[in-house]
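Trainee: I would like the atomic coordinates for the input below:
(2 chains)
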Amino acid sequence: MRPSNKEYDEMTKRVSPPSSKIKDFVFAYLIGGFICVLGQLLTELYSFLGFEEKVVKMAVPSTIIFAAALLTGLKIFDKIAKRAGAGTLVPITGFANAVVSPAIEFKSEGQVLGLGAKMFTIAGPVLVFGITASAVYGIILWIAGMF
Amino acid sequence: MKKCGKRTIIFENRPSVLGYASVVGKKEHEGPLSEEFDFYTEDSFFGEKTFEKAESKLQKTAVKIALEKARLDEKDIDNIFAGDLLNQCIGSSFGLKEFGIPFIGLYGACSTMSLSAGLAALFVDSGAAAHTVAVTSSHFCSAERQYRFPLNYGSQRTPTAQWTVTGSGALVLGKGEGKPYINSVTFGEIADYGIKDTNNMGAAMAPAAADTLLHFFSDTGTKAENYDIIFTGDLGYVGTNLLYELLEKEKTDIRCRHSDCGLIIFDREKQDVHAGASGCGCSASVLCSYILHRIEKGDFKNILFMSTGALLSPTSSFQGSSIPGIAHLLNIKKD
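Mentor: Numbering: from 1, shown residues only, chains lettered A, B, ... in the order given. You can find the predicted model right below:
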């Protein structure tokens, strides 16, 4: 007797091992937390070196983006992210990795049609919806400001 | 040849395995079947500039070694049957273009080894060809970039995901005495039970495997007990368990005489491959090494070999379609 699609879906769920959620949460918390601590340490360091607050706010994310891009190129980032999950995905490190990894991968198809065209295949949707959301938010704020 | 039942074709002229070869990557060489493979490369580019060219070279090398082992020249081969996972099967066409052998390109996803070998045997048995070659390949890196994410992208794989084998297997078939031979082929139908999770290919392919196996048993009037062992291609941990359950519903039990190529090529725990291995190269490299070695040694005399494939594309899965599965079965014997 052929099981119905619904029955088969239930059979599949029963035999498919689930992700170990607690382990994932702990790693995401620890590594994500570590990146935040690193950000704070960099803030303190740049302030200590006498940079203005405005500059520090630019320099800290730039440093973290550079570090994530470098680690991606050195093939270390994906090994950390495999354990960290959202811990590396949510901070700006995830965005840097999402841009750099296709750029490296698709350079075999050339600088224009490979690297250039494919660089934003993963990060593209984040940019599209991020920019759209910020525009919508701006309009709401503008309308709210009229009253 | 003669038709047996609805789907099985029994060969009468013993299309035999005159030569075979397997070529794999570093991770496969580090696995439990390490010593079985003919050739391996540490370099995922295999000395080429792109992963696609590396995959082509896997096929080319496998065919060359298989021809040497069969003591045949490429001029002796009438047809070559080949396919792979890449768009438009460029792994095969670019890898085999230099041989000058009439080429029959196939797409059966990961079922390509038994599809190509079944057709190659049919050509030899019918007399349409004196010698044929069946070859297929997959490459972890070329498959990842086509179906999933760039290699250096930091993502987590689910426990049901399978690891694409970097490898190729080639068979040279012809008429010969005292060699392992393909006794029959059963081509399967497309089975789709509505699985949409692209990280659970085993679940998508298990229904096709169960269907083809049951058709074969019904066509030939045999049971699992009549065979030394039944190999499936790349069902992995999840697909294997689902196959057992599906067969149990039909009162067929293969547990004690079944093995899955996707579960034996890697050490699942130590090599971190989650639910097992997959890819055309998985069943191909295991058949053209471990399985045929065991048959030649006389450990197995009568086996079933069934490669399983998931017939999806990135487009179909982005559009929310379910994953159709396919399985083709070979009965391989040695006297």
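Trainee: Strands along the stretch 151-300 of chain B, start to end?
Mentor: B:163-164, B:167-175, B:181-186, B:229-232, B:258-260, B:277-278 (DSSP state E, counting those that start in this stretch).
Trainee: okay, those strands, which one's buried deepest?
Mentor: Each of the strands of the stretch 151-300 of chain B was assessed for mean neighbour count using mean count of other CB atoms under 10 Å in any protein chain shown. The highest is strand B:277-278, with a mean of 34. Every C-beta, even on glycine, is put in place using the N, C-alpha and C of the backbone.
Trainee: Tell me if that one is near chain A.
Mentor: No - no part of strand B:277-278 sits near chain A under the criterion CB under 8 Å from any CB of the partner chain; the closest distance found is 15.2 Å.
Trainee: elements contacting that strand?
Mentor: When contacts are defined as 3 or more CB pairs under 8 Å, 6 or more residues apart in numbering or on different chains; DSSP states H and E, strand B:277-278 sits against strand B:163-164, helix B:261-264.
Trainee: picking up where we left off before, could you export the strands of the stretch 151-300 of chain B to TSV, including columns for distance to B:T136 and mean pLDDT?
Mentor: Conversion of the strands of the stretch 151-300 of chain B to TSV gives the following (distance: least, CB to CB, whole Å; pLDDT from 0 to 100):
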stretch	distance to B:T136	mean pLDDT
strand B:163-164	13	97
strand B:167-175	7	98
strand B:181-186	15	98
strand B:229-232	15	98
strand B:258-260	17	98
strand B:277-278	13	97
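Trainee: can I get those strands in CSV with distance to B:L311?
Mentor: Formatted as CSV, the strands of the stretch 151-300 of chain B follow (distance: least, CB to CB, whole Å):
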stretch, distance to B:L311
strand B:163-164, 16
strand B:167-175, 20
strand B:181-186, 18
strand B:229-232, 16
strand B:258-260, 19
strand B:277-278, 13
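Trainee: Next secondary structure after the longest helix along chain A?
Mentor: Using DSSP state H to assign secondary structure, the helix with the most residues in chain A is helix A:21-48. Counting by DSSP states H and E, the next helix or strand C-terminal to helix A:21-48 is helix A:53-73.
Trainee: now the angle from the following helix or strand past that following helix to helix A:21-48?
Mentor: Once the chain leaves helix A:53-73, the next helix or strand it forms, by DSSP H and E, is helix A:77-84. For helix A:77-84 and helix A:21-48, the angle between their directions (axes from the mean of the first three to the mean of the last three CA atoms, to 10 degrees) works out to 120 degrees.
Trainee: ok so, going back, buried stuff in the longest helix of chain A?
Mentor: Within helix A:21-48, the residues that count as buried by 16 or more other CB atoms under 10 Å in any protein chain shown are A:24, A:27-28, A:31-32, A:35, A:38-39, A:42-43, A:46.
Trainee: Could you do stretch B:30-37 as well?
Mentor: Of the residues in stretch B:30-37, those buried by neighbour count under the rule 16+ other CB under 10 Å are B:31, B:33, B:36-37.
Trainee: related to what we said a few turns ago, which among the buried residues of helix A:21-48 gets closest to B:A203?
Mentor: Nearest to B:A203, judged by CB to CB, of the buried residues of helix A:21-48 is A:D24 at 21.8 Å.
Trainee: Please report phi then psi for B:G194.
Mentor: Here is the backbone geometry of B:G194 (degrees, to the nearest 10): phi 80, psi 10.
Trainee: and it, what is it in contact with?
Mentor: A:5, A:8-9, B:322 (CB atoms under 8 Å, 6 or more residues apart in numbering or on different chains).
Trainee: what does chain B put close to chain A?
Mentor: Chain B comes close to chain A at residues B:49-51, B:145, B:149-160, B:193-195, B:200, B:203, B:207, B:237-238, B:241-242, B:245-246, B:249-250, B:275, as judged by CB under 8 Å from any CB.
Trainee: Go again with 6 Å.
Mentor: By the rule CB under 6 Å from any CB of the partner chain, the part of chain B lying against chain A is B:50, B:145, B:150, B:152-154, B:156, B:159-160, B:193-194, B:203, B:238, B:241-242, B:245, B:249.
Trainee: so where does the residue in the stretch 1-150 of chain B that chain A sits nearest to fall, helix or strand?
Mentor: Across the stretch 1-150 of chain B, the shortest distance to chain A (CB to the nearest CB) belongs to B:P150, at 3.6 Å. Under the criterion of DSSP H and E, B:P150 resides outside all helices and strands.
Trainee: Tell me who's in contact with the residue in the stretch 51-200 of chain B positioned nearest to chain A.
Mentor: Closest approach between the stretch 51-200 of chain B and chain A, counting by CB to the nearest CB: B:G154, at 2.4 Å. Contacts of B:G154 were listed using CB atoms under 6 Å, 6 or more residues apart in numbering or on different chains, and they are A:77-78, A:81, A:88, A:97.
Trainee: quick one: contacts for B:C261?
Mentor: Counting by CB under 6 Å, 6+ apart, B:C261 touches B:233, B:282-283, B:286.
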